[in-house]
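>>> Compute the structure for the input listed below.
(2 chains)
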Amino acid sequence: MPKRPAYSNLVKVIRDGKFVITGELEPEKDYDIGHVLHSAEEMKKTGKIIAANVTDGPQGDAYTCSMVPCYLVQEKVGLEAIWQMTVRDRNRIALFGDILGGAILGLKNLLALTGDHTALGDHQRARPVYDLDSTQLIDLVSKMVDDGTDLEGNEIRGGRPQLNVGCAANPNSNPREPEILKVGRKVEVGADFIQTQTSFDVDDAKEFLKELERFNTPVLLGLFPIKNYGIAWYFNENIPGVSVPKEFLTALKKAEKDNKGNKQAKYDAIDKVNLEFYVPFIKEIKKTTKAAGIHCMAVHYERLFQPLLKDL
Amino acid sequence: MIITKQKDIEEIYDMIKPYSKILVAGCDGCCQPPRSINEAKVLAQMLELKARSEGKELKWKAITVLRQCDDRIAATTLRPFIEEYDAIVSLACGLGVGMLNRIIPTILTFPAQNSMFGGVENNSENYFAEYCETCGECLLGVTGGICPMAGCAKNLSNGPCGGQVEGKCEVGGYIHDCAWVKIWERLKKFNRLDLFTNYRPPRNYRIWSSPRFIHIYESSSNIEEKKKEENV
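Okay, here's the model as predicted:
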């Protein structure tokens, strides 16, 4: 399908051929989202992170919505938001209404996701919606943006919303072929960019990126710097298909153990472990693949941004 | 078949507490596991014991019906007994309970079961599995005979989602198969991945909205269409 215009700065910069970095912000069960704005400010200060994803009820938990923090991040911090939208909680009518509302607020990027099932979250008795799936959500956005209509062909008054839409891909999927074919469907119905789940294996990531090349759509590879051993352990045990390399886990554990009681030394040691793992990883991806950039999911780990990204 | 699960005895007893003479009706139709005359007797005895523990007498009779969801069969079987009892406990699925309430308007029929899903029995592995959600828009022809509505926790038309690991679903702790990985395997086997890669547009939930009716002798038209025709 022909490329739609680059409405967002993110897609403009990607199309200019620059290697881009996006970050991730996670509103939780918050009335005060100061931490989200603080994190966005730290991202902006790096001068490298050009946009940030704002999550939509990850793990199926009932969290502060994504749209309002997206708006505030753009308005108060001046960092472009990538609005994550899952099909778990809203039917096509609500999705349409929210997309139009978000577009009125000036949101320019939407990442279409299925969303973790309600059975995994903190309201397990909730009715999951899934009226559309994530591919159909991209179809909806395409119709709104390209044709100026809803799914039934009814016209939107006053012009077309201007958004670019992204989709997710999972490099940890096994078997991989159905995942690749599914990404193909999403590109076919109008995805402008792809952001992947986290990868810890550089060779595997390169192979995955190579397979995605056939879709001729920019890919941002997901990476997850980890700020303490507990998170790494949780991630390893609980996130589908993800295994944190043993050496990385051991190094984090050692960094914490060796520096018990000295907070600053512990932070330095943990940062060193992350930098030693990720700096060469990112360089390798940048040098040897056609990836459009990196999606850095270092949530609440702001101090790593500068040293991690300074040479990029 | 309709897969059912019996309610807790306390819940059933709470429903029939105000009554002293009950008719417990099994069903020999498609409800699984079987809930026939023996199951009806056992349930009646348990209710009697429960009543006795509260110092009450409960008079009961256990019978079974060939198919509780067939109005003529159910009416003929139950009619001789209903005068003597002041409530019915049905061991059928929700269809049977609904039918008895309709054809026997003089007394209430209470459900002893929860109807779980339309499923099949896997005898070798000892389980019942959901196979059909009666969605009214059958996709089995493009999915290698595996239903993504009944088989996928997210009812995806364009799966799999990112929650499958080695072909197992994130819902339920990676025990159940991911329907979309199964669909992919099957279509690949028959060299029909063209069906897999096709985009399937949003479904029509209008036809899935309750209450649903289809005329027995005019299965292709629904009541609304008929009404429209009549108005014309």
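
>>> Tell me where the chain has helices.
Looking at chain A here, since you left the chain open. Counting by DSSP state H, chain A has helices at residues A:9-15, A:34-46, A:67-72, A:92-104, A:134-142, A:177-188, A:202-212, A:229-238, A:246-258, A:263-288, A:305-309.

>>> actually it's chain B I care about, not the one you picked
B:9-16, B:37-53, B:71-82, B:94-103, B:148-151, B:179-189, B:193-197, B:223-231.

>>> And the second one, what's buried?
I take that to be helix B:37-53. Of all the residues in helix B:37-53, those buried under the rule 16 or more other CB atoms under 10 Å in any protein chain shown are B:I37, B:E39, B:A40, B:K41, B:L43, B:A44, B:L47, B:E48, B:K50, B:A51. All C-beta atoms are positioned from the backbone trio N, CA, C, and that covers glycine.

>>> Now for the fourth one: which residues touch it?
When you say that, I think you mean B:K41. By CB atoms under 8 Å, 6 or more residues apart in numbering or on different chains, the contact list for B:K41 reads B:V24, B:A62.

>>> Distance check, it against A:P161.
For B:K41, the distance to A:P161 equals 65 Å [CB to CB, to the nearest Å].

>>> May I have the beta-bridge partners of the closest residue in space to B:L43 that isn't next to it in sequence?
In space, and not counting its chain neighbours, B:L43 is closest to B:V24: 5.6 Å by CB to CB, 6 or more residues apart in numbering or on different chains. Following DSSP bridges, B:V24 is listed with bridge partners B:A62, B:V89.

>>> Could you show which parts of chain B are in contact with chain A?
Residues of chain B found near chain A (CB under 8 Å from any CB of the partner chain) are B:153-167, B:170-172, B:174, B:180-181, B:184, B:188, B:193, B:196-199, B:201-202, B:205.

>>> rerun at 6 Å
B:153-158, B:160-163, B:165-166, B:170-171, B:181, B:184, B:196-197, B:199, B:202 (CB under 6 Å from any CB of the partner chain).

>>> got any ranges where the stretch 201-312 of chain A has weak pLDDT?
Within the stretch 201-312 of chain A, the ranges that satisfy pLDDT under 70 run A:240.

>>> Inside strands: which ones of the residues of chain B next to chain A?
Here DSSP state E is the test, and the residues of chain B next to chain A give B:V165 as lying in strands.

>>> Could you identify the buried members of the residues of chain B next to chain A?
Neighbour counting by 16+ other CB under 10 Å classes B:153-158, B:160-163, B:165, B:170-171, B:181, B:184, B:196-197, B:202 among the residues of chain B next to chain A as buried.

>>> Enumerate the positions of stretch B:182-201 that are buried.
By neighbour count with 16+ other CB under 10 Å, stretch B:182-201 contains the buried residues B:K182, B:I183, B:W184, B:E185, B:R186, B:L187, B:K188, B:F196, B:T197, B:R200.

>>> ok, of the residues you listed, which one's closest to chain A?
Nearest to chain A out of those is B:W184 (CB to the nearest CB; 4.0 Å).

>>> residues near the nearest residue to the closest one once chain neighbours are set aside, how many?
Leaving aside its sequence neighbours, B:W184 sits nearest to A:P178 (CB to CB, 6+ apart; 4.0 Å). When neighbours are defined as other CB atoms under 10 Å in any protein chain shown, A:P178 has 25 of them.

>>> Model confidence at B:W208, what's the number?
Looking at B:W208, its pLDDT stands at 85.

>>> so how many other residues sit close to it?
14.

>>> does it really touch B:E133, like I thought?
No: judged on CB atoms under 6 Å, B:W208 makes no contact with B:E133 at a distance of 8.5 Å.

>>> For B:A112, find the nearest of the helices of chain A.
helix A:92-104 (38.3 Å; CB to CB).

>>> Buried residues in that closest one, which are they?
A:R92, A:L95, A:F96, A:D98, A:I99, A:G102, A:A103.

>>> Can you name the residues in contact with stretch A:264-282?
Applying CB atoms under 6 Å, 6 or more residues apart in numbering or on different chains, the external contacts of stretch A:264-282 come out as A:V202, A:P225, A:F248, A:A251, A:L252, A:A255, A:N259, A:I294, A:L304, A:P307.

>>> Also stretch A:116-130?
Against stretch A:116-130 from outside (CB under 6 Å, 6+ apart): A:Q59, A:G60, A:D61, A:A62, A:V87, A:R88, A:D89, A:N91, B:A153, B:K154, B:N155, B:V171.

>>> got the contact list for the second one?
Which is A:G60. Each residue near A:G60 by CB under 6 Å, 6+ apart is listed here: A:D116, A:H117, A:T118, A:L120, A:G121.

>>> If we use 10 Å, what do you get?
A:86, A:88-89, A:115-124, A:126, A:128, B:170-171 (CB atoms under 10 Å, 6 or more residues apart in numbering or on different chains).

>>> Among these, name the buried ones.
Listed as buried from the contacts of A:G60 are A:86, A:88-89, A:115-121, A:128, B:170-171; burial here means 16+ other CB under 10 Å.

>>> and the lengthiest strand in chain B, which strands flank it?
Counting residues, the longest strand in chain B under DSSP E turns out to be strand B:113-122. Paired neighbours of strand B:113-122 in the sheet (DSSP bridges): strand B:2-6 (antiparallel), strand B:127-132 (antiparallel).

>>> Need the residues that contact the shortest one.
Residues external to strand B:2-6 that are found in contact with it (CB under 10 Å, 6+ apart): B:12, B:27, B:29-35, B:39, B:43, B:69, B:91-96, B:111-121, B:127-131.

>>> export the contacts of stretch A:116-130 to JSON lines and tack on distance to A:P171?
Formatted as JSON lines, the contacts of stretch A:116-130 follow (distance: CB to CB, whole Å):
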{"residue": "A:Q59", "distance to A:P171": "20"}
{"residue": "A:G60", "distance to A:P171": "22"}
{"residue": "A:D61", "distance to A:P171": "24"}
{"residue": "A:A62", "distance to A:P171": "29"}
{"residue": "A:V87", "distance to A:P171": "22"}
{"residue": "A:R88", "distance to A:P171": "22"}
{"residue": "A:D89", "distance to A:P171": "26"}
{"residue": "A:N91", "distance to A:P171": "31"}
{"residue": "B:A153", "distance to A:P171": "22"}
{"residue": "B:K154", "distance to A:P171": "21"}
{"residue": "B:N155", "distance to A:P171": "25"}
{"residue": "B:V171", "distance to A:P171": "22"}
